[in-house]
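A.B. asks: based on what follows, work out the 3D shape:
(chains A, B, C, D, E and F)
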Amino acid sequence: MSMFGRGSSAPSGAVNNERIEMAVQELDMVTDVFNRLVSACHNKCISTRYAEGDLTKGESVCIDRCVAKFFEANKKVGERLQSVSANGAPGGGPLGM
Amino acid sequence: MSMFGRGSSAPSGAVNNERIEMAVQELDMVTDVFNRLVSACHNKCISTRYAEGDLTKGESVCIDRCVAKFFEANKKVGERLQSVSANGAPGGGPLGM
Amino acid sequence: MSMFGRGSSAPSGAVNNERIEMAVQELDMVTDVFNRLVSACHNKCISTRYAEGDLTKGESVCIDRCVAKFFEANKKVGERLQSVSANGAPGGGPLGM
Amino acid sequence: MDFSQFNAAEQAHMSRVIEKKQMQDFLRMYSNLVERCFTSCCNDFTSKALSSKEEQCMLNCADKFLKHSERVGARFAEQNAVGPGLSS
Amino acid sequence: MDFSQFNAAEQAHMSRVIEKKQMQDFLRMYSNLVERCFTSCCNDFTSKALSSKEEQCMLNCADKFLKHSERVGARFAEQNAVGPGLSS
Amino acid sequence: MDFSQFNAAEQAHMSRVIEKKQMQDFLRMYSNLVERCFTSCCNDFTSKALSSKEEQCMLNCADKFLKHSERVGARFAEQNAVGPGLSS
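C.D. replies: A predicted model of the protein is given here:
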């Protein structure tokens, strides 16, 4: 029972490693996107003077718009990449993608 | 014997996975903080002209103060977070924290 | 059969964990270097106006030179670190390197 | 994310994975916060002691960062769909 | 990298590891691309909708980033030797 | 960190984990150093060859980075307690 094992038809009650691995990968992806979103919108919206600990009205409004815009931008790029990768290999990596 | 198993009363001689996992998590935390400290104080103290390979007197003094100040700043933030999290959930994450 | 096990004389047909671990570490290293190279040369060569989706002639030439220069710079630093670490411990880490 | 197609053993496994990830995310968020606030607030290295002005800046920065993260998290949860066309 | 000294079981194992890493690298590259392009292209937060100018900038940025990565990857493969003195 | 409450098997396990982490940290530090120094030192892309001025800058930068890391590491070890209120 290797940690990389991939039994694809586990009996119910047993853990299907492949399914778990894909779910963990999706969790990692969501977390990565969220962290980048927090960072990007902090850079865009939060004044670095730190005169107070609460979000100002302007900062709050900016955050809401920033998140909405980030999602829309993410969607456009996702659609573009799908049409690109439908036509061939997506991007270049060191592992010969 | 799953890699995520958590036997909490292992006999002596056996490896208690939960204890190991927590120790590894603490190691990761210390390493992360150290790397950020190196980066922050490099940005604050090291001139990017690179006219020489040794630390100048001024750079050395700055590093010592920077590390001390970082620790004090870290401590203040840690105390603040403890009082916040005593009153409710700490921060927002994508996994529903 | 621990995930950290290190049987160093596995019979042929069995997986030698130590060899696999070292290969994975090398893959991680190559990927890390590649990602930093992509980022560094993007910062050096790509105009952030994004007036078009193709690489301009100037950007393409810059990328080629940037990659070549990065490799040469990496080589010089590698040689320097080898001569340093031949004389003692390389760098400081939080884990007492 | 929807784990409803998972059997009981798999759901138990995922709960442990998520619990562990939440702790890692929290620790990472914390050290990221300290680095970010330190970079913004501390610029005087003629002394090793944190000045009262620097301390106030660190506390405001930490409070604001947490409120920022919470607000982004709330909006993120509303939008829900991540990387459309990639995750589905 | 050369895995020719690996036995069949080890080569099969490495293929799965590499396949998994390629997916992770792709996802990481994707979110990195979105963050980088968003930072360059979106600077007006008086509206929550992506303007047509911002959208065009995002698409150009994404296209250019992919072409940049491919070109770097091609040069990288030619140079091949990484961190001489460290990996050998 | 104190592993004295660990049994022999656990201590042996942690030694291997730490040893492996040290190698990973070293490799990560190395590639971080190269990226940082390259960013500071190399700004002329009218030629693909490293100029003698750029080479000297890279070497000084690498030396200085190592000395910086060592000094930070020494001060870090003295302070020892990390994230008080979080780790304890």
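A.B. asks: what residues sit buried inside stretch D:6-18?
C.D. replies: D:6-7, D:9-10, D:13-14, D:18 (16 or more other C-beta atoms under 10 Å in any protein chain shown). The C-beta positions use only the backbone N, C-alpha and C, and glycine is treated the same way.
A.B. asks: adding secondary structure, write those out as TSV.
C.D. replies: Formatted as TSV, these follow (DSSP: H, G, I helix; E, B strand; the rest coil):
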residue	secondary structure
D:F6	coil
D:N7	coil
D:A9	helix
D:E10	helix
D:H13	helix
D:M14	helix
D:I18	helix
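A.B. asks: out of these, flag the one nearest to B:C45.
C.D. replies: Using C-beta to C-beta, D:I18 comes nearest to B:C45 of the buried residues of stretch D:6-18, at 39.8 Å.
A.B. asks: from chain B, how far out is the closest one?
C.D. replies: Plainly put, D:I18 is 6 Å away from chain B if you go by C-beta to the nearest C-beta, to the nearest Å.
A.B. asks: what's the answer for D:Q24, then?
C.D. replies: 7 Å.
A.B. asks: one step back: what's the most distant pair in the buried residues of stretch D:6-18?
C.D. replies: Farthest pair in the buried residues of stretch D:6-18, by C-beta to C-beta: D:N7 and D:I18, 16.6 Å.
A.B. asks: for chain D, which residue gets nearest to chain C?
C.D. replies: Closest to chain C within chain D is D:S31: 12.3 Å, counting by C-beta to the nearest C-beta.
A.B. asks: which element is that residue on?
C.D. replies: For D:S31, the host element (DSSP states H and E) is helix D:8-41.
A.B. asks: look up the closest residue to D:L50, ignoring the ones flanking it.
C.D. replies: Nearest residue to D:L50, sequence neighbours excluded (C-beta to C-beta, 6 or more residues apart in numbering or on different chains): B:E72, at 4.5 Å.
A.B. asks: in chain A, what residue lies closest to chain F?
C.D. replies: Closest point on chain A to chain F, by C-beta to the nearest C-beta, is A:P94, at 12.3 Å.
A.B. asks: ignore the last one, chain D
C.D. replies: D:Y30 (6.8 Å).
A.B. asks: surely D:M29 meets D:S69?
C.D. replies: Yes: counting by C-beta atoms under 8 Å, D:M29 does reach D:S69; the two are 6.9 Å apart.
A.B. asks: ok and the helix or strand containing D:Q56 relative to helix D:8-41, angle-wise?
C.D. replies: According to DSSP H and E, D:Q56 maps onto helix D:52-79. Interaxial angle, helix D:52-79 versus helix D:8-41 (axes from the mean of the first three to the mean of the last three C-alpha atoms, to 10 degrees): 140 degrees.
A.B. asks: can you give me the mean pLDDT across helix D:52-79?
C.D. replies: Helix D:52-79 carries an average pLDDT of 97.
A.B. asks: pull out the buried positions in it.
C.D. replies: D:54-73, D:75-76.
A.B. asks: excluding chain neighbours, what is closest to the closest residue to chain A within chain D?
C.D. replies: Chain D approaches chain A most closely through D:D63 (3.2 Å), counting by C-beta to the nearest C-beta. Nearest non-adjacent residue to D:D63, counting by C-beta to C-beta, 6+ apart: A:G53, 3.2 Å away.
A.B. asks: do I have it right that the one you found meets D:N60?
C.D. replies: Yes: proximity of A:G53 to D:N60 meets the contact threshold set by C-beta under 8 Å, at 4.3 Å.
A.B. asks: most distant residue from the centre of chain D?
C.D. replies: Distance from the centre of chain D peaks at D:T46, with 32.0 Å (C-alpha atoms, centre = their mean).
A.B. asks: how about it, secondary structure?
C.D. replies: coil.
A.B. asks: and for the nearest residue to it once chain neighbours are set aside, the neighbour number?
C.D. replies: Of all residues not flanking D:T46 in the chain, B:R65 sits nearest, at 7.8 Å (C-beta to C-beta, 6+ apart). Residues lying near B:R65 (other C-beta atoms under 10 Å in any protein chain shown) number 21.
A.B. asks: now do the contacts for B:R65.
C.D. replies: B:R65 makes contact with D:45-48, according to C-beta atoms under 8 Å, 6 or more residues apart in numbering or on different chains.
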